[in-house]
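In: predicted model follows, preceded by the sequence.
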Amino acid sequence: MSAEPHLLTGAYAAHALTDTERLAFERHLDACPPCAAEARRLRAAAARLAEAAATPPPAALWDRVRAEIATTDQVPPAPGRVGRRFPQLLAAAAALLVAALWVTAAGLGPLGRGGDTERVADPVAAVLAAPDARRVAARAGGAGQAEVIVSRQRGRAVFMAAGLAPAPAARTYQLWMVDRSGPRPAGLVEVPAGGRVIRLLDGRVTGSEQVAMTVERRGGAARPTSEPVVVVDLRA
Amino acid sequence: MFGLVGRVVRNPAQAEEVTQEVFVELWRTASRFDPARGTARAWIMTCAHRRAVDRVRSAERAARRDDLAGRRGQGRPYDQVAEQVEATLEHEQVRRSLDALTDLQREAVVLAYYGGYTHREISELLAVPSGTVKTRLRDGLLRLRDHLEARP
């Protein structure tokens, strides 16, 4: 380690330290607030260099990412922030994904400047990041854990489930939006290995009072033919 | 992000892999993101850059060592890295900010950030002491920061 550790802030911010040096310097940062502050600001400056190299990613890449995060568990918050519950975590995750999309989408310019969120490439992220996004858990007793994130502003809802068992043979899960006039189809649910599902509901939620999921014949039905396995009451 | 990773990794297939890893990592660790410590964008780019640099260092370590030995005293890899960067630097403001650095600062910053070289490698390449490289990196990024903050 250098006799002048504070000179390393630049090399640290540019990731020009070896792993050993980096770990030693991170220990120094823990003990030296001025260096930590400088390192943070230099990192932010270095991150701006990334903007200069923006290129649109191939569309298939984003599909693979979506498929993988659907089966990836999120780590809990760091100790000391444990009091925070899921909606905050979700908001943080969503903000990040949206931010990532912004940064990724070439030509849209830097995050948070110009443009509106409608231009966000992914409607799931747009719902999750909506200022009025609300999480509603399914009534107990359903299949696995399920919840719906709904944004009245966006008029859309996202269905999320964990531990969902595969549908029985020749059957499929089907989502429904239910309002006073009855249920209307909101899409079929494919359950990937791992049983974790994130799916944008078809159609707008305006006026919808419930989201339900039933088991239907493969290909889906025009009206539910069985008792729902999941019911989420959006009025709750 | 993909552009940044591609710049550092220089192999489209590997850049896709790294970008995918970064997205999944961001998703996995989103709850650890602390807005008090900086913007989400900076966090994302820091993760992406770090992963890209790791990939370049592990995959190309051996190849690069030979490369370094072969290149020392001849043409500088800076020219090559800078050429690629120049050709694709879309963002006017960042480009102007880079122009505000001294040549020596810019050389160190470009080699480290876009080239993925460590300060020791840079010091070998440029035949200057590694303390000098550290100073150039720090002064360069400080100046870059001042420039970007003055005209965000």
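Out: Here it is on my side, so go on. Since the structure is predicted, the reported quantities are computational estimates derived from the model, not experimental observations.
In: nearest residue to B:Met1 other than its sequence neighbours?
Out: B:Ala48 (4.6 Å; Cβ to Cβ, 6 or more residues apart in numbering or on different chains). The C-beta positions use only the backbone N, C-alpha and C, and glycine is treated the same way.
In: can you read off the pLDDT for that neighbour?
Out: At B:Ala48, the model reports a pLDDT of 85.
In: quick one: it and B:Val9, what's the gap?
Out: Separation of B:Ala48 from B:Val9 (Cβ to Cβ, to the nearest Å): 10 Å.
In: those two: which has the busier surroundings?
Out: Each of B:Ala48 and B:Val9 has its neighbours counted (other Cβ atoms under 10 Å in any protein chain shown); B:Ala48 has more, 28 against 23.
In: residues touching that one, list them.
Out: A:50, B:1, B:4-5, B:18-19, B:22 (Cβ atoms under 8 Å, 6 or more residues apart in numbering or on different chains).
In: swap in 7 Å and give it another go.
Out: The contact partners of B:Ala48, by Cβ atoms under 7 Å, 6 or more residues apart in numbering or on different chains, come to A:50, B:1, B:4-5, B:22.
In: part of a helix, is it?
Out: Yes - according to DSSP: H, G, I helix; E, B strand; the rest coil, B:Ala48 belongs to a helix.
In: okay, now the domains of chain B?
Out: B:1-62, B:72-152 (automatic domain parsing).
In: could you dump those to TSV with distance to A:Arg43?
Out: Shown next, in TSV, are these (distance: least, Cβ to Cβ, whole Å):
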stretch	distance to A:Arg43
domain B:1-62	5
domain B:72-152	9
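In: so for A:Leu7, which of those domains sits nearest?
Out: domain B:72-152 (4.8 Å; Cβ to Cβ).
In: all strands of chain A, in order?
Out: Using DSSP state E, the strands of chain A run over A:134-137, A:145-151, A:156-162, A:171-179, A:182-189, A:197-200, A:210-217, A:230-233.
In: and the ones you listed as CSV, adding mean pLDDT and distance to B:Leu144?
Out: As requested, those are arranged in CSV below (pLDDT from 0 to 100; distance: least, Cβ to Cβ, whole Å):
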stretch, mean pLDDT, distance to B:Leu144
strand A:134-137, 76, 40
strand A:145-151, 80, 38
strand A:156-162, 82, 39
strand A:171-179, 93, 49
strand A:182-189, 93, 47
strand A:197-200, 79, 38
strand A:210-217, 93, 49
strand A:230-233, 90, 49
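In: which one of the ones you listed lies closest to chain B?
Out: strand A:197-200 (10.5 Å; Cβ to the nearest Cβ).
In: name the helices or strands packed onto that closest one?
Out: When contacts are defined as 3 or more Cβ pairs under 7 Å, 6 or more residues apart in numbering or on different chains; DSSP states H and E, strand A:197-200 packs onto helix A:123-128, strand A:156-162, strand A:182-189.
In: how near is the residue nearest to the spatial centre of chain B to A:Ala50?
Out: Geometric centre of chain B, nearest residue: B:Tyr113, 1.3 Å, by Cα atoms, centre = their mean. B:Tyr113 sits at a distance of 8 Å from A:Ala50 (criterion: Cβ to Cβ).
In: next, count neighbours for the residue lying closest to B:Leu4 once chain neighbours are set aside.
Out: Spatial nearest neighbour of B:Leu4, chain neighbours left out: A:Ala50 (4.0 Å); criterion: Cβ to Cβ, 6+ apart. The local packing of A:Ala50 (other Cβ under 10 Å) involves 27 other residues.
In: check B:Arg50 too.
Out: So B:Arg50, with other Cβ under 10 Å, has 15 neighbours.
In: got it, and A:Val197?
Out: A:Val197: 21 neighbours (other Cβ under 10 Å).
In: now do A:Leu7
Out: Neighbours of A:Leu7 under the rule other Cβ under 10 Å: 16.
In: swap in A:Leu188?
Out: A:Leu188 has 16 nearby residues by other Cβ under 10 Å.
In: same question for A:Ala47.
Out: 24.
In: surely it and B:Met45 touch.
Out: Yes - the criterion here is Cβ atoms under 7 Å, and A:Ala47 meets it with B:Met45 at 3.7 Å.
In: quick one on the thing from earlier: please report how far the residue nearest to the centre of chain B lies from A:Thr172.
Out: 49 Å.
In: same thing with A:Leu188?
Out: A:Leu188 is 5 Å from A:Thr172, by Cβ to Cβ.
In: and for these two, which residues touch both?
Out: A:Gly220.
In: on that earlier part again, next, format the contacts of B:Ala48 as CSV and append distance to B:Leu148, pLDDT and secondary structure.
Out: Converted to CSV, the contacts of B:Ala48 look like this (distance: Cβ to Cβ, whole Å; pLDDT from 0 to 100; DSSP: H, G, I helix; E, B strand; the rest coil):
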residue, distance to B:Leu148, pLDDT, secondary structure
A:Ala50, 12, 77, helix
B:Met1, 19, 76, coil
B:Leu4, 16, 80, helix
B:Val5, 21, 80, helix
B:Val22, 23, 82, helix
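In: so which of these is the closest to A:Pro166?
Out: B:Val22 (30.3 Å).
In: excluding chain neighbours, what is closest to the closest one?
Out: Of all residues apart from its sequence neighbours, B:Ala48 sits closest to B:Val22 (Cβ to Cβ, 6+ apart), at 4.7 Å.
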